[in-house]
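1. Sequence and computational prediction follow.
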Amino acid sequence: QVQLQESGPGLVKPPQTLSLTCTVSGGSITTNYYWSWIRQPPGKGLEWIGYIAYSGSTYYSPSLKSRTSISRDTTKNQFTLQLSPVTPEDTAVYYCVRANQGAFGSWGQGTQVTVSS
């Protein structure tokens, strides 16, 4: 059974870079899935950020594309989100998720990131 675990700083100052890593166990990130990042700001709904596919290709939400980068380290079975520059509006719980054919099947527990000076 695949498991995903987010890690990274809980507090980021604007206009620095938010960097989160998702460590995957129980399955390889080079298999036929799309490894995604999703966030939920306080009091709001879920927002899809982007993914890195099993092939290594990436795709980002148009609204965040200019500030987003997702990369991976296949030797560590990890993928990483970078968002820069951040503003307080980027405060949210961030989730890493395994997706396939539009279904977000496996989620990490989520990590709170607060953007504040």
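-> Received, thanks.

2. Report the beta-bridge partners for Arg98.
-> As for beta bridges, Arg98 partners with Trp35, Ser106 under DSSP bridges.

3. do the same with Trp48
-> Counting by DSSP bridges, the residues bridging with Trp48 are Ile38.

4. Now do the same contact list for Tyr59.
-> Residues in contact with Tyr59 (Cβ atoms under 8 Å, 6 or more residues apart in numbering) are Gly50, Tyr51, Ala53. (Each C-beta comes from the backbone N, C-alpha and C, glycine too.)

5. Give me the three-state assignment for it.
-> With DSSP: H, G, I helix; E, B strand; the rest coil as the basis, Tyr59 sits in strand.

6. right, and the helix or strand after the worst-scoring helix or strand of the chain on mean pLDDT?
-> Lowest on mean pLDDT, DSSP states H and E among the helices and strands of the chain sits strand 103-107, with a mean of 92. Once strand 103-107 ends, the next helix or strand along the chain (criterion: DSSP states H and E) is strand 111-115.

7. mind listing what's buried in that next one?
-> Buried residues in strand 111-115, defined by neighbour count with 16 or more other Cβ atoms under 10 Å: Thr111, Val113, Val115.

8. who are the neighbours of it, in terms of helices and strands?
-> strand 11-12, strand 18-25, strand 92-100 (3 or more Cβ pairs under 8 Å, 6 or more residues apart in numbering; DSSP states H and E).
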